[in-house]
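Visitor: I would like to see how this sequence folds:
(chains A and B)
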2 protein chains.
Amino acid sequence: MRISVLFSGGKDSSLSALLMEPFFEIELVTCSFGLLPNCELAAKTAKELGFPHKVLSLEREILENAYEKLMKDGFPKSAINYIHEKAIETLASDSEVKFIADGTRRDDRVPVLSISQIRSIEDRLGVQYICPLKGYGRKAVSILVDRYLRIEEGPSESIPKADYETELRELIRQRDGEEKIKELFPAHIQSHVLTRKKLP
Amino acid sequence: MRISVLFSGGKDSSLSALLMEPFFEIELVTCSFGLLPNCELAAKTAKELGFPHKVLSLEREILENAYEKLMKDGFPKSAINYIHEKAIETLASDSEVKFIADGTRRDDRVPVLSISQIRSIEDRLGVQYICPLKGYGRKAVSILVDRYLRIEEGPSESIPKADYETELRELIRQRDGEEKIKELFPAHIQSHVLTRKKLP
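Guide: Numbering: from 1, shown residues only, chains lettered A, B, ... in the order given. Alright, predicted model coming up:
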């Protein structure tokens, strides 16, 4: 059984893939609006982890709608959630995709699909959507990441990553300048996975 | 890292253990109020699955409080949730226990701890509580169970199982008779795990 894991190169999506590796044939999928070449980094990380990787092009209209939402709200929650939902729908519309997973954790607030959004996607598109880390708290995730992955961490603007936020930030940089990014996105710590640790 | 998995002999707790097996040292734990010898069945199933098993005796007072709740409410939800919370607290109070898991699924409504109950237990008792199936829907669980486990299924009164409901039902049988059980517990399908399937 093949499962398509939405993959940013960060620790959560990487750990998700590792947890499912004994039970599924893993394929890592990185979404791109074509604004930045950050998929190359995700592809490199995927190779380090030993998983096949592909890039999923998302409609530019999705990014434009997310930009509108972000400008209207003044904070990124609903814009990021919107991109996430559309990314899963785009992936699920591939008739060969039967299982989709991502790195959503118990304590995450963004991006998180509601239970009704999940059921709607599963029923309409004939896929099963799995969040392997949904039952894991922050500390349990940290312990497993520390055990299985070598990562680098830092402020979100300095860590290269292939998540939805990166391209949304880039669009704002192009249109509204660097200062606007700081205004709209709270500073937070990002992680980028370098490779697996050897198992003990 | 050892993890104590609350184990009823059913498919959800068995699948939880299987999903964590590559990453943790599994110990299956079945709770008992000593009213029924149903732990023996769980011990037999644990042996079939190839995991060490222990019985955790719960204070009789917990069952009495649950009985009171059930009689007051007229349906078992809060009684079962209460026993579940107390079972996890009892297990977590063992200073050697650092990780606790159970078979809670995405679509389960009972027993489910709230996020504040979970954080309270983790903070007070220094454990990490993991629900490996929390991000799996009903169909994804079915597919994995079908792949890895041989089970028998049937109405809850005919399937031998070592969950909280079984002893709560027994207490009602002793005090209020068979008819009262049918009145209080909605009929539902239970599963009992027989053994692992050979991997393909």
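Visitor: near chain B, which residues of chain A? Just list them.
Guide: A:1, A:19, A:22-23, A:99, A:104, A:106, A:115, A:118-119, A:122, A:128-137, A:139-140, A:143-144, A:147 (C-beta under 8 Å from any C-beta of the partner chain). (Each C-beta comes from the backbone N, C-alpha and C, glycine too.)
Visitor: excluding its backbone neighbours, what's nearest A:N81?
Guide: Distance criterion C-beta to C-beta, 6 or more residues apart in numbering or on different chains; nearest residue to A:N81, sequence neighbours excluded, is A:P111 at 4.9 Å.
Visitor: could you give me the buried positions within the top helix by length along chain A?
Guide: Counting by DSSP state H, the longest helix found in chain A is helix A:77-92. For helix A:77-92, a neighbour-count test (16 or more other C-beta atoms under 10 Å in any protein chain shown) marks A:79-92 as buried.
Visitor: what mean pLDDT would you report for that helix?
Guide: For helix A:77-92, the mean pLDDT works out to 97.
Visitor: so how far is the helix or strand that comes right after that helix off the chain centroid?
Guide: Downstream of helix A:77-92, the first helix or strand assigned by DSSP states H and E is strand A:99-101. Its chain's C-alpha centre and that of strand A:99-101 lie 12 Å apart, by C-alpha atoms, centre = their mean, to the nearest Å.
Visitor: what number of residues lie near A:S95?
Guide: Residues near A:S95, counting by other C-beta atoms under 10 Å in any protein chain shown, number 9.
Visitor: rewinding a little: identify the residues contacting the longest helix of chain A?
Guide: A:4, A:6, A:29, A:31, A:56, A:58-59, A:62-63, A:65-67, A:69-70, A:73, A:97, A:100, A:102, A:109-113, A:117, A:121, A:125-127, A:129, A:164-165, A:168 (C-beta atoms under 8 Å, 6 or more residues apart in numbering or on different chains).
Visitor: return that helix as PDB; C-alpha atoms alone will do.
Guide: Taking Å, rounded to 0.1, in the frame of the first residue of the first chain, the C-alpha atoms of helix A:77-92 are listed here in PDB:
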ATOM      1  CA  LYS A  77      -4.100  30.900  10.300                       C
ATOM      2  CA  SER A  78      -6.900  30.700   7.800                       C
ATOM      3  CA  ALA A  79      -4.700  31.300   4.800                       C
ATOM      4  CA  ILE A  80      -2.400  28.400   5.700                       C
ATOM      5  CA  ASN A  81      -5.300  26.100   6.600                       C
ATOM      6  CA  TYR A  82      -6.900  27.000   3.200                       C
ATOM      7  CA  ILE A  83      -3.700  26.100   1.300                       C
ATOM      8  CA  HIS A  84      -3.400  22.900   3.300                       C
ATOM      9  CA  GLU A  85      -7.000  21.800   2.500                       C
ATOM     10  CA  LYS A  86      -6.500  22.600  -1.200                       C
ATOM     11  CA  ALA A  87      -3.100  20.700  -1.300                       C
ATOM     12  CA  ILE A  88      -4.800  17.600   0.100                       C
ATOM     13  CA  GLU A  89      -7.700  17.900  -2.300                       C
ATOM     14  CA  THR A  90      -5.300  18.300  -5.200                       C
ATOM     15  CA  LEU A  91      -3.300  15.300  -4.100                       C
ATOM     16  CA  ALA A  92      -6.400  13.300  -3.500                       C
END
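Visitor: got a pLDDT number for A:P155?
Guide: Turning to A:P155, the model gives it a pLDDT of 81.
Visitor: just for chain A, where's the confidence low?
Guide: A:199-200 (pLDDT under 70).
Visitor: distance of A:D12 from chain B?
Guide: Remark: distance between A:D12 and chain B (C-beta to the nearest C-beta, to the nearest Å) = 12 Å.
Visitor: neighbours of that residue, just the number please.
Guide: 23.
Visitor: ditto for A:D94
Guide: A:D94: 14 neighbours (other C-beta under 10 Å).
Visitor: go on, A:P186?
Guide: Using other C-beta under 10 Å, A:P186 is surrounded by 8 other residues.
Visitor: and the closest residue to it other than its chain neighbours, which of the three is it?
Guide: Leaving aside its sequence neighbours, A:P186 sits nearest to A:F75 (C-beta to C-beta, 6+ apart; 7.7 Å). Assigned by DSSP: H, G, I helix; E, B strand; the rest coil, the conformation of A:F75 is coil.
Visitor: now do A:F75 against chain B, distance only.
Guide: Separation of A:F75 from chain B (C-beta to the nearest C-beta): 22 Å.
Visitor: doesn't A:R109 make contact with that residue?
Guide: No: counting by C-beta atoms under 8 Å, A:F75 sits too far from A:R109 to count as a contact (11.4 Å).
Visitor: of the two, who's got more company?
Guide: A:F75 (14 against 7).
Visitor: which residues touch the helix or strand A:T166 falls within?
Guide: Per DSSP H and E: A:T166 is located in helix A:164-176. Residues from elsewhere that reach helix A:164-176, judged by C-beta under 8 Å, 6+ apart: A:31-33, A:35-36, A:38, A:63, A:66-67, A:70, A:76, A:79-80, A:83-84, A:87, A:111, A:156-157, A:180-181, A:184-185.
Visitor: now the angle between helix A:164-176 and the longest helix of chain A, please.
Guide: Per axes from the mean of the first three to the mean of the last three C-alpha atoms, to 10 degrees, the angle that helix A:77-92 makes with helix A:164-176 is 120 degrees.
Visitor: mark which of the contacts of helix A:77-92 are part of strands, please.
Guide: A:4, A:6, A:29, A:31, A:56, A:100, A:129 (DSSP state E).
Visitor: perfect, that will be all.
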